[in-house]
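# Got a predicted model here, sequence first, then my questions.
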Amino acid sequence: MLAAQQREHDQDIEQHKRELLSALVAEQVIDTLGRPDELLKVQVRPLWQGHFRVNVLVGVDAVSAKVAHSYFLMADADGNINESTPKITRRY
């Protein structure tokens, strides 16, 4: 029983780390890009170690959402973007 609880605790910690890293990457993207009008969500999809697909979604709601910008990123463990395709430039 104790081993199962420890495994669940470890999984919770790993999930929290992934969520925190995704939030840091999203913050870096918006800091560099600027905040678009009607920003709905910055969707960060982890692909493999240190690689992400990031979509910047705009719209008044989920029904009208569209991808305004999309990037393939490499980031370090602190969420700092090392490389981006295409390059993220200030737009807003």
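Yep, that arrived. Numbers count the residues shown, from 1 in each chain.

# Unless I misread the structure, Leu47 falls within a helix.
No - going by DSSP: H, G, I helix; E, B strand; the rest coil, the assignment for Leu47 is strand, not a helix.

# got the contact list for it?
With contact taken as CB atoms under 8 Å, 6 or more residues apart in numbering, Leu47 is in contact with Arg53. No exception for glycine: its C-beta is placed from N, CA and C like everyone else's.

# Could you count how many residues lie near Glu8?
10 (other CB atoms under 10 Å).

# no no, Val60
9.

# Spit out the contact partners of it.
If a contact means CB under 8 Å, 6+ apart, then Val60 has 38, 40 as its contacts.

# and it, what pLDDT?
For Val60, the pLDDT comes out at 92.

# For it, give its distance to Ser84.
27 Å (CB to CB, to the nearest Å).

# any idea whether the nearest residue to Asn80 once chain neighbours are set aside is helix, strand or coil?
Leaving aside its sequence neighbours, Asn80 sits nearest to Gln28 (CB to CB, 6 or more residues apart in numbering; 6.6 Å). For Gln28, the assignment made with three-state DSSP gives helix.

# before we move on, what about Ala23?
helix.

# burial count for it?
The tally of other residues near Ala23 (other CB under 10 Å) stands at 13.

# next one: Lys66
Around Lys66 there are 11 residues (other CB under 10 Å).

# From His16, how far off is it?
31 Å.

# in which helix or strand would I find the most centrally placed residue in the chain?
The structure's the chain has its C-alpha centroid closest to Val44; by CA atoms, centre = their mean the separation is 2.9 Å. With secondary structure defined by DSSP states H and E, Val44 is part of strand 39-48.

# in the chain, which spans are strands?
Using DSSP state E, the strands of the chain run over residues 39-48, 51-58, 66-75, 81-85.

# who's in contact with Lys66?
Applying CB under 8 Å, 6+ apart to Lys66 gives the contacts 57-59.

# Check it and give its pLDDT.
Confidence score, pLDDT, at Lys66: 97.

# what do you get for Ala26?
With respect to pLDDT, Ala26 scores 96.

# wait, doesn't it sit right on Leu39?
No - counting by CB atoms under 8 Å, Ala26 stays clear of Leu39, with 10.6 Å between them.
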